[in-house]
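1. quick one, what's the 3D model for this:
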Amino acid sequence: MTFETERLILRPWCDADAEALYHYACDPQVGPIAGWPPHTSAENSLEIIRTVLSKPETYAIVLKTTNEPIGSIGLMRNGDGIYPIGETELELGFWVGVPHWGHGYAPEASHRLIQYAFEQLNVTCIWCGYYDGNLKSKRAQEKIGFTYHHTLENVEVPLVNDIRTAHMNILTRKDWEEKQ
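-> Below is the predicted model of the structure:
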């Protein structure tokens, strides 16, 4: 499945995206704050495309002007995401490469995927979280319409071998419908 917004295309990742993915995912400002290590090579990025980014409802965030993937976004069901959620709930995760921070790409992509989740997948709510210190993600989530729900202490983050505090935000179908 592919989605379009004014400036973006959300499409499945493919092997040919490995170099572009590596270009952004090797930056230590991107992955560690989100709970994953920087990519070490284009081959490592290809492996991530084939294992992690090939999961259902996971998309490359692609600029229409350049046809280049600049980040990733996905919807996860219980057991696929970081946090336990209900059967009629999803978790939203996203990241964008550093040169594209502050341009509103994450909110733009998120709005389109959220619309799909509520209208086509019939979910009751969507969760989105961030770890302490990730203020850019916090701010993006606020722009998208998420509101604070709760904080989780001592969350294991196995990919970076760490224990962190996570803040969970929620967007209910009712709240989303009221903003439409």
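
2. switch to C-alpha atoms for all contacts and neighbour counts from now on
-> Fine.

3. now for the helix ranked longest in the chain, which elements pack on it?
-> Across the chain, the helix with the greatest residue count (assigned by DSSP state H) is helix 105-119. On a contact count with 3 or more C-alpha pairs under 8 Å, 6 or more residues apart in numbering; DSSP states H and E, helix 105-119 meets strand 3-4, strand 8-11, strand 69-76, strand 89-96, helix 135-144.

4. for these, give me JSON lines that also has distance to residue 111.
-> Formatted as JSON lines, the helices and strands packed on helix 105-119 follow (distance: least, C-alpha to C-alpha, whole Å):
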{"stretch": "strand 3-4", "distance to residue 111": "11"}
{"stretch": "strand 8-11", "distance to residue 111": "12"}
{"stretch": "strand 69-76", "distance to residue 111": "11"}
{"stretch": "strand 89-96", "distance to residue 111": "11"}
{"stretch": "helix 135-144", "distance to residue 111": "7"}
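
5. take the ones you listed and write them to JSON lines, including mean pLDDT.
-> Listed next are those as JSON lines, based on pLDDT from 0 to 100:
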{"stretch": "strand 3-4", "mean pLDDT": "97"}
{"stretch": "strand 8-11", "mean pLDDT": "98"}
{"stretch": "strand 69-76", "mean pLDDT": "97"}
{"stretch": "strand 89-96", "mean pLDDT": "95"}
{"stretch": "helix 135-144", "mean pLDDT": "93"}
